[in-house]
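Give me coordinates for this.
(chains A and B)
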Amino acid sequence: MANLLALFAPPNVINELLQRLSLSPETINYVVWPFIQIGAVVTAIALWALYATYMERKISAFMQARLGPMRVGPWGLLQPIADAIKLLTKEDLRPDKADPYIFFFAPFISVAAAFIVFAVMPFGPDWGVITDINIGLLFVLSVSSVGVLALILAGWSSNSKYALLGGLRSSAQMISYEVSMGLALIGALMFARTLSLSGIVQAQGLDSIWYIFYQPLGLVIFLVSGIAENNRAPFDLPEAESELVAGFHTEYSGMRWSLFFMAEYAAMIVVSAMATTLYLGGWYFPFLWRIDHAGYHSLFVLLSLVVFIAKMVVLLYIYFWLRWTFPRYRYDQLMDLGWKWMLPAALLNIALTAFAVFTVQALDGWHGLKTIESLTRGVNLTWQGKVIMVAFGIAGLFIAAAMLSAINWRSRDFNLKKQRRQVRLVSPPQGQPAVAPAPSES
Amino acid sequence: MPVVRVPELTWKEKLKRFFLVDLIGGLKLTLKFNLGALTDKDAVAGKGIYTEQYPKVRAEVAPRFHGAPRLNMDPETHETLCIACNLCALACPEDCIDVIPMDIEIMVAGKGRKKKVLDEFIFDTSRCMFCALCQEACPTACLELTQDFELATYSRAGFVWNREMLEQGRETIKYEA
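The predicted structure is shown next:
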């Protein structure tokens, strides 16, 4: 058994191998290791983006009582590879009057913006993360918003009305949802008290809780904004095929199109990984540390990676689930949801979280109640403190929903609601003609 | 534009909207189908999945389905059952059958006699409407419309079946299940 577990020790083997090549420890730690990790992550993410298409096709098929891809390989498992080969060998077309250089570069910007983010993603402890920078969260947000630029450039340089409209829509949508996405994270940061992504995971580990329990509202806002920012259904306005053929990538074909496709799936993985890190405890799983304490460090890291990926897959499933359940929003509804619901909800979440943290701190020592264990590395609460905080979190959901409905009630009225009510055909009363007598206003 | 009075929402409907009941109902439905497809024992034709893997798994047609024609043979002697009586050609409302007989000499009780037998049988499936009146008319149960439904060919001439095709059946590509 011990021999078997020793097999799960790739880093030591590689380290010994590198030392035998008479490389200095600095070279090994700062040059060779990062290259190995980058190679592994890029390969894994690219493969994962391929197989996410398979997953999506299968899940959508099952939801519609179909089978999905079945021909290439057993259960169609080789279908993504066949698709990739097809796309690689397809002709790379460019519209006659497109801007050649921008048209050429836009997909690369898109893919780069989606892939660079994985440099700071904490897939696991120790060697499970490529680099841990202390502004990790800011880095992720700033780099992933560069992706908008690629969509605008692609839409504009194609010299096509559909592509331009798609690009316009996607840029407006991504910018408006990025605001609420960034604001939704602040609630979780109040507990973690660090911007380093590994630090956030460790703070959750020290507190022995996932922040989803403290921040259910934050997670909901983050997920909705994330789906909208990735231009996925039900927010896939930029590529609404019934209106805009395919949106910003209408004119792209072959490999360039597949780069956009890959960037979309990679961006989905980014949002899932961020949500996992911030709200679902990252690679932290109950009682997993016992393996580490028993001396099987590499096995612990591997299992942590598995835990992280499992949580990500659950979130990705939610992506697909929502996509194949809900119809697409109208454009004004999308902007309405972004600015009138998500943004106030995110702001409210900050206020509520601040109030909750303040209350818990104020209650500490009141009638012998002990709520706070320590505040050195994130907010570390005792079980009483956790109960109070979870209660605040769940109450926050309802407070936010109630307040937002109250606020938006009037704004909906303003939005021609009354006129709509008069002309809408919603269940006319039985036995009466649908056309009512004209209102006697005189 | 018709003016219709829409009733105000009741409290129950307002609460339903507030708790997103309809959205959750939709999610439940898709999840039910997904889990049904995954837990389906017979994943191809069970209740979870309704589509057929057609070339691999053939559709079961109804028992009274009229498909490709066939000339049956005596299972023991492997001689055709057709007696060239021409009843099928007479019964056919589309005139798509041509029975071409020939006379052969046979010896009956030491005497030479002529007998009419089948020489060639032409069946134009492009004009056939699969009414099976020919099958009804056949006195020896020789001509039969089978359950085979794959009749497409690459040319018009391919629709005209001769005696060999009618007796042996046409070759179609069979995929492995």
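
neighbours around B:Y175, how many?
Close neighbours of B:Y175, defined as other CB atoms under 10 Å in any protein chain shown, add up to 10. From N, CA and C alone the C-beta is placed, and that goes for glycine too.

Name the nearest residue to the residue positioned nearest the centre of chain A, sequence neighbours excluded.
The centroid of chain A falls nearest to A:V271 when counting by CA atoms, centre = their mean (1.6 Å). Residue nearest to A:V271 in three dimensions, not counting chain neighbours: A:G226, with 3.6 Å by CB to CB, 6 or more residues apart in numbering or on different chains.

For the one you found, give me its contacts.
By CB atoms under 8 Å, 6 or more residues apart in numbering or on different chains, the residues touching A:G226 are A:181, A:271, A:274-275.

Could you check how far it is from A:S145?
From A:G226 across to A:S145, the span is 13 Å (CB to CB, to the nearest Å).

Adjacent strands (with direction) for the lengthiest strand in chain B?
Assignment by DSSP state E gives strand B:111-124 as the longest strand of chain B. Strand B:111-124 pairs in its sheet with strand B:97-108 (antiparallel), strand B:160-161 (antiparallel), by DSSP bridges.

Need these in JSON lines (columns: mean neighbour count).
Below are the strands paired with strand B:111-124 laid out as JSON lines (neighbours: other CB atoms under 10 Å in any protein chain shown):
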{"stretch": "strand B:97-108", "mean neighbour count": "13"}
{"stretch": "strand B:160-161", "mean neighbour count": "21"}
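
would you list the ones you listed in JSON lines and tack on mean pLDDT?
Formatted as JSON lines, those follow (pLDDT from 0 to 100):
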{"stretch": "strand B:97-108", "mean pLDDT": "87"}
{"stretch": "strand B:160-161", "mean pLDDT": "89"}
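
do you know which of those lies nearest A:Q333?
Closest to A:Q333 of the strands paired with strand B:111-124, according to CB to CB: strand B:160-161, at 60.3 Å.

how far out from the middle of the chain is the closest one?
From the chain centre to the centre of strand B:160-161 is a distance of 17 Å (CA atoms, centre = their mean, to the nearest Å).

and the residue of the stretch 1-150 of chain A nearest chain B?
Using CB to the nearest CB, A:F62 is the residue of the stretch 1-150 of chain A that sits closest to chain B, at 3.7 Å.

Quickly find the element holding that residue.
Assessed by DSSP states H and E, A:F62 sits inside helix A:33-63.

how about the helices of chain B, start to end?
Using DSSP state H, the helices of chain B run over residues B:11-18, B:21-39, B:87-91, B:133-137, B:163-168.

who wins for proximity to chain A among those?
Closest to chain A of the helices of chain B is helix B:21-39 (CB to the nearest CB; 3.7 Å).

Could you provide the strands paired with strand B:111-124 in CSV, with additional columns for distance to A:D126?
Formatted as CSV, those follow (distance: least, CB to CB, whole Å):
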stretch, distance to A:D126
strand B:97-108, 82
strand B:160-161, 74
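
and the longest strand of chain B, average pLDDT?
When pLDDT is averaged along strand B:111-124, the result is 87.

What of stretch B:60-74?
Stretch B:60-74 carries an average pLDDT of 87.

do you know how far the residue positioned nearest the centre of chain B is from B:Y54?
Among the residues of chain B, the one closest to the centroid is B:F149, at 3.6 Å (CA atoms, centre = their mean). Using CB to CB, we find B:F149 at a distance of 11 Å from B:Y54.

And for A:N230?
Between A:N230 and B:Y54 the distance, using CB to CB, works out to 36 Å.

Show me which of the contacts of A:G226 is closest to B:E60.
Nearest to B:E60 among the contacts of A:G226: A:V271, at 46.1 Å, using CB to CB.

List the residues that contact the closest one.
Going by CB under 8 Å, 6+ apart, A:V271 touches A:223, A:226-227, A:229-230, A:315.

Just the ones in strands from the residues you listed, please.
Of these, none are assigned to strands by DSSP E.

Can you lay out the residues you listed as a markdown table showing pLDDT and distance to A:D332?
Output for the contacts of A:V271, formatted as a markdown table (pLDDT from 0 to 100; distance: CB to CB, whole Å):
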| residue | pLDDT | distance to A:D332 |
| --- | --- | --- |
| A:L223 | 90 | 22 |
| A:G226 | 88 | 21 |
| A:I227 | 89 | 18 |
| A:E229 | 84 | 19 |
| A:N230 | 82 | 21 |
| A:L315 | 91 | 28 |
